[in-house]
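**Student:** Here is a sequence together with a model predicted from it:
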Amino acid sequence: MEKISTDAFPLTMPSSEKQETVCIFGTGDFGRSLGLKMLQCGYSIVFGSRTPGMSSLLPNGAEVMSYSDAAQKSDIIIITIHREHYDFLTELTEVLNGKILVDVSNNLKINQYPESNAEYLAQLVPGTHVVKAFNTISAWALQSGALDASRQVFICGNDSKAKQRVMDVVRSLGLTPLDKGSLMAANEIENYPLQLFPMWKFPFYLSAVLCVFFFFYCVIREVIYPYVYEKRDRTFRLPISIPNRVFPIAALTLLALVYLPGVIAAILQLYRGTKYRRFPDWLDHWMLCRKQLGLIALGFAFLHVLYTLVIPIRYYVRWTSNNRTVTQVITKKENPFSTTNSWLSDLYIALGMLGFFLFVLLGITSLPSVSNMVNWREFRFVQSKLGYLTLILCTAHTLVYGGKRFLNPSNLVWYLPSAYVIALIIPCTVLVIKFILILPCIDKTLMRIRQGWERNPKYSEPSLNGKTDI
Amino acid sequence: MEKISTDAFPLTMPSSEKQETVCIFGTGDFGRSLGLKMLQCGYSIVFGSRTPGMSSLLPNGAEVMSYSDAAQKSDIIIITIHREHYDFLTELTEVLNGKILVDVSNNLKINQYPESNAEYLAQLVPGTHVVKAFNTISAWALQSGALDASRQVFICGNDSKAKQRVMDVVRSLGLTPLDKGSLMAANEIENYPLQLFPMWKFPFYLSAVLCVFFFFYCVIREVIYPYVYEKRDRTFRLPISIPNRVFPIAALTLLALVYLPGVIAAILQLYRGTKYRRFPDWLDHWMLCRKQLGLIALGFAFLHVLYTLVIPIRYYVRWTSNNRTVTQVITKKENPFSTTNSWLSDLYIALGMLGFFLFVLLGITSLPSVSNMVNWREFRFVQSKLGYLTLILCTAHTLVYGGKRFLNPSNLVWYLPSAYVIALIIPCTVLVIKFILILPCIDKTLMRIRQGWERNPKYSEPSLNGKTDI
Amino acid sequence: MEKISTDAFPLTMPSSEKQETVCIFGTGDFGRSLGLKMLQCGYSIVFGSRTPGMSSLLPNGAEVMSYSDAAQKSDIIIITIHREHYDFLTELTEVLNGKILVDVSNNLKINQYPESNAEYLAQLVPGTHVVKAFNTISAWALQSGALDASRQVFICGNDSKAKQRVMDVVRSLGLTPLDKGSLMAANEIENYPLQLFPMWKFPFYLSAVLCVFFFFYCVIREVIYPYVYEKRDRTFRLPISIPNRVFPIAALTLLALVYLPGVIAAILQLYRGTKYRRFPDWLDHWMLCRKQLGLIALGFAFLHVLYTLVIPIRYYVRWTSNNRTVTQVITKKENPFSTTNSWLSDLYIALGMLGFFLFVLLGITSLPSVSNMVNWREFRFVQSKLGYLTLILCTAHTLVYGGKRFLNPSNLVWYLPSAYVIALIIPCTVLVIKFILILPCIDKTLMRIRQGWERNPKYSEPSLNGKTDI
């Protein structure tokens, strides 16, 4: 506990004597980078090496010694060596006794070994305080200072004082320590750098399935059908026209799926008459990935906007428009202005644009640094009130788009309705149920349940329940 | 002070014995969620309950006892009970003496009670150290780990050591404590979660008023006037054409209002010959919500861009263009290419796009995580230099849009000029005053005033003034 | 060390007696603002002033005394006085002995004095512990609470305990201290607020040069050439058409330049057979500003999208399209639909939009708050895999745009090929080399080198190398 010591503030002690010494075992990339960074932040560094004489490329100002000599210089020993080579540490058990060993290692695969590297280390050298740390930081980032990826350093360990000291070191390097509890968390911490967007997996596969399904659905209706019946080559619709049917459908469906678990949960609570029973696991998991679903929906909405705005510069559209004019002139057919058509066209475009605008707003609010600035009530206002408004606008956009054609049997192709009709099923369901749920009589019951009231109470205490919400 | 203790580092003490015990009064949602989270982070948890035998749903590993038994187990007692039920604590005064009571409660309304809950608690149980904390965190967020809304925990209390200990607890849960001072701040902290975008209120109402005014202004000119005089139904202009007049006007006016308080402040300082007199309150408030004004302006600009880009896919526009071509062919009228028209059209579009681009850049720089990466000089460069450039480009965009028609009396409808002419008043005023203010002679005086010089000095000292700016 | 003290937790001590006192020398703007903020956060403040009786505008609750009286009241003395006036401190050497002096001063120019202000102060008043802090915070931001620019406070000093105490003060004001090491870092810290986007300089100048070059290149081909040979005035192409040639070229080239240093580094490592030799400085610097290059490229891509989407609302384009239709009707020429043209047009637009979508995704991921949420593997996946996919899509977009005309000699103007042909050189080179580098045989060697293997090993140790990558 050098840094936060107990004696009176030493007024005259020369400052250079107060440098803390940290020992690093291993002189590979990571050890050298960490050593350099720590030297820059005012630590004394001693490297422990199997072959101290042969180590090159070490940062200026660091000493190199044999493992046992180096270990004696410091309370904190950072082990930058692969797990497979930990064995030699058993010979040093005596000199390491009572020291803090910092395990920085990672594996190549998730759950590669039965126990985590840090737990293995603790077992190998009993009498030491093993702390897991630094495994999420890359050597190159340390060297270059380009810590664009996370500055977070997950820490775990059984000894809270050892943990505290390592956290002080982490903080003094300009990184942010995050205490994850006891050494049992080491496994999770070691798996963390190997994860690839785990929360995005379900939303990603779901949207991929949606896209593929609706793509082939539209291909059947708009490419294969005309080819079979009219021998017309409509394949040029593949790059833009058909994706621009799939994207809005995917966006609207995914957006509705963001709000569906909320209404399902409300129905469950109403049915059970209590909130004190856990939701099924699938519902819990679904709720936790609503943000990801929403962001993917926003991505599709963005693509839909882009694909719509380029319509007038496409060759096909320009040719069609040009051709129509020419035909009209030649046939001398009248084309009177229809106020209804103008209203419908403008209304559906305007609804779509307002919906997209709110959607972008939702997206911006979900940026970590923005959501960190708002309180819980504001966050819920944006994500729930504005979110439902977005869903209403986007559903209305699709409904008006359908306009008079909606459910018109002449639009059926091989008994298949237009794709957007299918896309409306989930959003309309969500909106109808939500509308029922906010009817005063039902809303009141739901509010009481969420504040802790139970239809068949098993338990009651005047405790703080009001802060929870779904 | 268990965590940062004073004795020598205990080398051999088994780590499991060092867990800190925290007591939680109340077994409602919030208490249970907090308890579970603290257990996961390595604390021992004892719940205090009125009816210990009947408490269900408590996290595994926690003990439940009567209030007085539980209180004896820990120095820190977290009170997760509604303020209305605090009375029972008076019976525990003796056992609570000297302990840290953490008040986590919230109210349902702003300033619901004459004194804050935490102050009421401190008064109710004298001899304890009351610390306000955790009231901004929701139970659901704690449970699910989905701390998308803020991780900030506001702390206040009269005893700095008690505060320090609670802040250590907060930090170890992966949250960010923020010291707000003495218990007098509890009122503000308790009101915080009930606030709904207080800084946005004025900008929001202002822009709503602007929008409504210009909407009806344009409706009168473009819908009612043609109906009254020519009996033409122009209502189809309501969904897109008229909003697309209102949005750019609102955007430009609000953007100018971001820079207006700066020039007013400069004029005030020049007039007073000193910067050591407070600005009037309205000016101070205006300055503090410039960011919000600017972001709302950006929102309108974004809508204007969307509404403009969809022009060619609107039925009305396609019909008009088609009709014009047909008429031209039938009447065999020439339509010679006008280089001037092309220049004007392209120039005004280009100015608008560049202005929008810089505006988006300003918006991105105002994201908290981005503005955190830049120093004060860089922030001012972007927000002031680039900001004025944006204002100049957008004003020029509007001026060129007016082109030759600008102030042409034939554009008057019922003596009303085009809406964009009105929209230009504030931006042009701001730019003209700013231009005068940066004339060398005036700029020099202003700089001296801002560095602390006074025309009629009452006071002078060689102190650091240079870092302030408006 | 009042805040983290060593005695047992004082259970009954009245809390008001525990306020820490801090002394501020100087009563200028910054001193007053800092004093006010510290008072609000629960500190006692004593101002030291040359003329204590005449100081006005000081915050309520603060005392003002002579320098020597004030200094005796506190261990921590914050010097808010310009460097030029430090001399008077020499008279106070005795009373300042052992105290912590906090230097908050800034200079007007980078490296204005031979030594930093803080080092000068330490030299002037030996026996004190000088800590540099607060120089990046503005008085106005402190006063108004509008800390939109950074909350980071860089700290340096030779005495780690003095530093620790100042960091506690910083933290309690709601700011984030960042330890930068010994007082030698003061120079860098004092230069920091004077910097203006140092990492952006090279990318900015590079893109400016690119833009100017391609602008004139296109002007020669599209404005000067037609004027010289056909006496046609094509200047109306200057505001939109020509910028819309320059922007995509700049975007594509800069995006390729983001990935070029990576492949150069890989070639260097393959050639040298080791990764243990430093890259040349220019390559290191280039690698460190890849993010900036990429963001500028994104800016150009955004402008290109805007400039492309407005095409149909430009006067020139509407006139041309209208004219073509009229001509077609009059000459009665057929204009048959070309499926190939439709495919090419749609494909090149679709590739561009997908590329832009991924590019925006990359941009969002590079926001500090987003990149802070992902682990190293995820960050690399996005920036490397998605980045290359973006480059491939954008290059393909340009190739298909060229279509059949690509390298057609009839497109040469004064022997100059179309600008987009030149723009393709760097991206295609990067993609070809990258393709070669990921051939299994080469990739395997490269992986081994990057994991520490050397063709001519001088050194070997079983250390952690696997975490580095370029």
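**Tutor:** Alright, I've got the coordinates. This structure is a prediction, so every number in the text was calculated from the model and none was measured.
**Student:** What residue in the stretch 351-470 of chain A comes nearest to chain C?
**Tutor:** A:Ser369 (3.5 Å; CB to the nearest CB). Where C-beta positions appear, they are placed from N, C-alpha and C, glycine not excepted.
**Student:** That residue is in what secondary structure piece?
**Tutor:** Here A:Ser369 sits within helix A:368-371, counting by DSSP states H and E.
**Student:** Can you list the buried residues in that helix?
**Tutor:** Applying a neighbour-count criterion of 16 or more other CB atoms under 10 Å in any protein chain shown, one finds A:Pro368, A:Ser369, A:Val370, A:Ser371 buried in helix A:368-371.
**Student:** can you confirm A:Glu308 is in a helix?
**Tutor:** Heads up, residue A:308 is Thr, not Glu. Yes. Under DSSP: H, G, I helix; E, B strand; the rest coil, A:Thr308 sits within a helix.
**Student:** Neighbours of A:Ile76, how many?
**Tutor:** By other CB atoms under 10 Å in any protein chain shown, 21 other residues sit near A:Ile76.
**Student:** wait, it sits on A:Val22?
**Tutor:** Yes. If you go by CB atoms under 8 Å, A:Ile76 and A:Val22 touch, sitting 5.1 Å apart.
**Student:** quick one on the thing from earlier: immediately after the helix holding A:Ser369, which helix or strand?
**Tutor:** Following helix A:368-371 in sequence, per DSSP H and E, is helix A:376-380.
**Student:** hmm, that following helix touching chain B?
**Tutor:** Yes. Under the criterion of CB under 8 Å from any CB of the partner chain, helix A:376-380 makes contact with chain B via A:Trp376, A:Arg377, A:Glu378, A:Phe379, A:Arg380.
**Student:** what about the helix or strand that that helix is followed by, near chain B?
**Tutor:** Downstream of helix A:376-380, the next assigned helix or strand under DSSP H and E is helix A:387-402. No. Between helix A:387-402 and chain B, judged by CB under 8 Å from any CB, nothing touches; the nearest distance is 10.1 Å.
**Student:** Buried residues of helix A:387-402, list them for me.
**Tutor:** A:387-388, A:390-402.
**Student:** Check stretch A:229-249 too.
**Tutor:** Using 16+ other CB under 10 Å as the test for burial, stretch A:229-249 gives A:234, A:236-249.
**Student:** Can you flag which of these belong to helices?
**Tutor:** Using DSSP state H, the members of those that fall in helices are A:Pro243, A:Asn244, A:Arg245, A:Val246, A:Phe247, A:Pro248, A:Ile249.
**Student:** Among the residues you listed, which one sits closest to chain C?
**Tutor:** A:Pro243 (7.1 Å).
**Student:** show me where the stretch 151-300 of chain A has strands.
**Tutor:** Assigned by DSSP state E, counting those that start in this stretch, the stretch 151-300 of chain A shows strands spanning A:152-157, A:176-179.
**Student:** The first one vs chain C: in contact?
**Tutor:** Which is strand A:152-157. Yes. For strand A:152-157, a contact with chain C is found by CB under 8 Å from any CB, at A:Gln152.
**Student:** Chain B contacts on the stretch 201-350 of chain A?
**Tutor:** A:276, A:284, A:287-288, A:291, A:305, A:308-309, A:311-312, A:321, A:324-325, A:328-329, A:335, A:337-339, A:341-347, A:349-350.
**Student:** Which ones among those also lie next to chain C?
**Tutor:** Filtering those for proximity to chain C by CB under 8 Å from any CB leaves A:Leu309, A:Pro312, A:Thr325, A:Val329.
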